[in-house]
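Undergrad: let's see this in three dimensions:
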Amino acid sequence: MDFVQYKCPCCGAALKFSGTEQKLACKSCGNTYEVSALRELARSENAPGEETLSWENRRETVAAKKTDDGRYICPSCGGEIEADENTASTKCPYCENVVVIRRTLSGRFEPDGIIPFQVEPDRAKQMLESFCKGKRLLPKNFRDKSYLKNLKGYYVPYWLFDCDVHADMSFRATRTRMWSDSNYDYVDTSHYLINRSGNMSFYHVPVDGSIQMSDETTESIEPFDYGSLTDFQPAYLAGYETEKYDVEADTAKNRANERIYNSAEQAMSDTVIGYDTVRATKRSLHSGNTCVSYVLFPVWLFETVYKGKNYQFAINGQTGKMVGELPVDKGAFYRYLFGFTGLGTAVLSLAALLLGGVL
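TA: The predicted model follows:
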């Protein structure tokens, strides 16, 4: 079975994960369910003697068939859904129900953990709308709010790196004295070589595992609160789109190493005080107790293409932190500029007339 939909045990309608209540919610009958409760329900349905009522059997009734051209049939409305090999959950373009592709998240692609969404769709739209409000140089579709339909909730794949390190670093530092007499100005610069070493631990250094997401964007919406990191359950994906990682852990390690080195250097350089300048000249780390885990983090993502350029705007789906770049309508810019120029010319002309009349 390729598709899974979470149905309300009371009315059979599709369930969606609520970031506010941290539960699966049914818009049809208003009931909410703990993820653990549905998990226990699945266990009970899989108990010996109840195989005919098992969760797997319920999935059989909504299983999707794959067409010859690689599309899937939505188990709710029968519409065709396009899904590539990296798609873990997606929205039906016809009935807008979100389905989870179980096969994509199996085996080595099954996450070790997940941080569920806490920023609800309406709040995310309000945040983006408020950010765009008053920005007169945005393209026309931003003024009529049609852009809001492009805001989507994604579970972005991340790699988390843990390790203990022993650090050895050297720094070049200077102190400068300046004074003057009646004839000359004097500058005396003293140079120092400073060594630092110590042990430190790094916990859950994040690196995104998606080619489509830039490191600049994902690192800018950090930090995530790992207190909300929980065991992965497919039910959390209900209502959101998800892709499995397409950046391997071995590739992500390069960025993790860079971040760990930079953090270690910053921690060491913060102990070199009392100097005018400080510059690292040697950085050496020896790691141990390394661990890599695969998780999904919530991100509201807005993407658009304007004048051939891609723009990406992101909201941390847990904390609400926003980052990104929005397009500028050059035509509106010049109209705005010339409008002010024309107004300024008119004001100056009026002032000249008034001053001329007074004189």
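
Undergrad: domain ranges for this structure?
TA: Following automatic domain parsing, one finds the domains of the chain at 3-105, 154-328, 330-359.

Undergrad: rank those domains by pLDDT, which is bottom?
TA: Ranked by mean pLDDT, these bottom out at domain 330-359, with a mean of 53.

Undergrad: all helices for the stretch 101-250 of the chain, in order.
TA: All helices of the stretch 101-250 of the chain, identified by DSSP state H, counting those that start in this stretch, fall at 121-132, 140-143, 215-220, 249-269.

Undergrad: got JSON lines for those helices, with mean neighbour count too?
TA: To be clear about C-beta, it is placed using only N, CA and C from the backbone, and glycine gets the same treatment. Formatted as JSON lines, the helices of the stretch 101-250 of the chain follow (neighbours: other CB atoms under 10 Å):
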{"stretch": "helix 121-132", "mean neighbour count": "16"}
{"stretch": "helix 140-143", "mean neighbour count": "16"}
{"stretch": "helix 215-220", "mean neighbour count": "16"}
{"stretch": "helix 249-269", "mean neighbour count": "16"}
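
Undergrad: for the ones you listed, give me CSV that also has distance to Ala173.
TA: Shown next, in CSV, are the helices of the stretch 101-250 of the chain (distance: least, CB to CB, whole Å):
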stretch, distance to Ala173
helix 121-132, 42
helix 140-143, 50
helix 215-220, 29
helix 249-269, 10
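
Undergrad: which one, of the ones you listed, ends up nearest to Ser201?
TA: For Ser201, the closest of those is helix 249-269, at 10.5 Å, according to CB to CB.

Undergrad: ok now the closest one, how far from the chain's centre?
TA: Here helix 249-269 is found 20 Å from its chain centre; the criterion is CA atoms, centre = their mean, to the nearest Å.

Undergrad: stretch 218-230 too?
TA: 9 Å.

Undergrad: please apply the same query to stretch 158-171.
TA: The chain centre lies 23 Å from the centre of stretch 158-171; the measure is CA atoms, centre = their mean.

Undergrad: cool, stretch 265-278 as well?
TA: Using CA atoms, centre = their mean, the offset of stretch 265-278 from its chain centre is 32 Å.

Undergrad: nearest to Leu160, out of the helices of the stretch 101-250 of the chain?
TA: helix 249-269 (8.9 Å).

Undergrad: give me the contacts around the closest one.
TA: With contact meaning CB atoms under 8 Å, 6 or more residues apart in numbering, helix 249-269 is reached by 159, 161, 163, 165, 167, 169, 171, 196, 198, 200, 202, 205, 207-209, 215, 278, 280, 283, 285, 292, 294.

Undergrad: I'd like the distance between Gly320 and Tyr294.
TA: 25 Å (CB to CB, to the nearest Å).

Undergrad: wait, I meant Leu128
TA: Relative to Tyr294, Leu128 is positioned 29 Å away (CB to CB).
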